[in-house]
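K.L.:
sequence and computational prediction follow.
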Amino acid sequence: MLIYTIFFIIMILYTIYFYLGEKEMCKFECKAYAKINITLDILGKRNDGYHELEMIMQNVSLHDNITAEKTDGEILVSSNSGIIPKGEKNIAYKAAEYMIKKYGIKGGVKIYIEKNIPVGAGLAGGSTDAAAAIKAVKSLYNLKLTEEEMEECAAQIGSDVPFCINGKTSLATGRGTELKAISPMPKMYIVLAKPSFGVSTAFVYKNYKAENVEKRPDTKAVIKAIEKGDTKEIAKGLCNVLESVTAKKYDDIEKIKESLKAFGAENAIMSGSGPTVFGIFEDKNTADKAAEKIIEKFKIKEVYSVETI
């Protein structure tokens, strides 16, 4: 009799736990972090038309806030931003749609994006929202997927999306979707400064010419510096070959880089295809003051004092 009573109690507790677990999954919330490129090199052109990349990618504390809920079948995307598309053209919509179709889900998802990461900035703002949409569908519909399987799905959406799933300091190769975890980045204070214009990633890659590159990154040396936790050597190794396109077209990129260094940065570089420039600082106080000076000097609003995570 005692055994049956214990079994009955266990079943009740399991049912309560299962019910609460399902209830919790009716709503999904997460932070979608921005990324920077510590190095970015182009090794050549691939047969599929993409460029062969080699780059070190890192998350920083600037983030969008994502909230998602189940729907009966619709996919809905809304945001506090008036810039990003809300419907089928939104990359988070595409990611959710891909997941729902791939796994035969009988339902939809409503996604709200509280946008903090600048748009068209080279900080993977769209890609990180798409990664959050993949995570949302996985959690809301209790899909038993590994991180590797989610990264494979992410690669179908965009080149930066797998990294945004992963979020670890990584060496990205191929078209940017092949990730190898490296030693975690030591804590560094970063100032991000986005000029008042955006840049088309497609334009930058289309106009890239190897012969215009004056300096290439020493990726192996930077990885060793990361392993040692040597922030000065990491800063010294900052390099992005796409500056040969974007910085050539927009003078403000070089001006902001030089100003960040004048205001105390160890070094400064453009992130991704641009136009955002970031500088690495030794301490938070210097970074905060530099951010204020950049806002005052260049009359731009999208300047952030952040840190690596």
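P.N.:
Perfect, I can see it now. Just so we're clear, the structure is a prediction, and the values are computed from it rather than from any experiment. Residues are numbered from 1 along each chain as shown.
K.L.:
hey, which helix or strand in the protein has the poorest pLDDT?
P.N.:
In the chain, the helix or strand scored least confidently by mean pLDDT, DSSP states H and E is helix 2-24, which has a mean of 52.
K.L.:
and the helices in this structure?
P.N.:
Secondary structure of the chain (DSSP state H): helices at 2-24, 91-102, 125-140, 147-155, 161-166, 201-206, 219-228, 231-236, 243-249, 251-262, 284-298.
K.L.:
pipe the ones you listed into TSV and attach mean neighbour count and distance to Ile66 per row.
P.N.:
Every C-beta, even on glycine, is put in place using the N, C-alpha and C of the backbone. Listed next are those as TSV, based on neighbours: other CB atoms under 10 Å; distance: least, CB to CB, whole Å:
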stretch	mean neighbour count	distance to Ile66
helix 2-24	10	16
helix 91-102	21	8
helix 125-140	26	4
helix 147-155	18	15
helix 161-166	26	11
helix 201-206	14	22
helix 219-228	17	28
helix 231-236	19	30
helix 243-249	19	28
helix 251-262	18	29
helix 284-298	17	25
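K.L.:
now distance to Ser183 too, for those, in a markdown table please.
P.N.:
What follows is the helices of the chain, written out as a markdown table (distance: least, CB to CB, whole Å):
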| stretch | distance to Ser183 |
| --- | --- |
| helix 2-24 | 34 |
| helix 91-102 | 29 |
| helix 125-140 | 22 |
| helix 147-155 | 19 |
| helix 161-166 | 15 |
| helix 201-206 | 28 |
| helix 219-228 | 4 |
| helix 231-236 | 11 |
| helix 243-249 | 26 |
| helix 251-262 | 25 |
| helix 284-298 | 23 |
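K.L.:
nearest to Arg175, out of those?
P.N.:
With CB to CB as the criterion, Arg175 lies closest to helix 147-155 of the helices of the chain, at 8.5 Å.
K.L.:
so how far is that closest one off the chain centroid?
P.N.:
Centroid separation for helix 147-155 versus its chain: 15 Å, with CA atoms, centre = their mean, to the nearest Å.
K.L.:
for that helix, which helices and strands make contact with it?
P.N.:
Under the contact definition 3 or more CB pairs under 8 Å, 6 or more residues apart in numbering; DSSP states H and E, helix 147-155 sits against helix 91-102, helix 125-140, helix 161-166.
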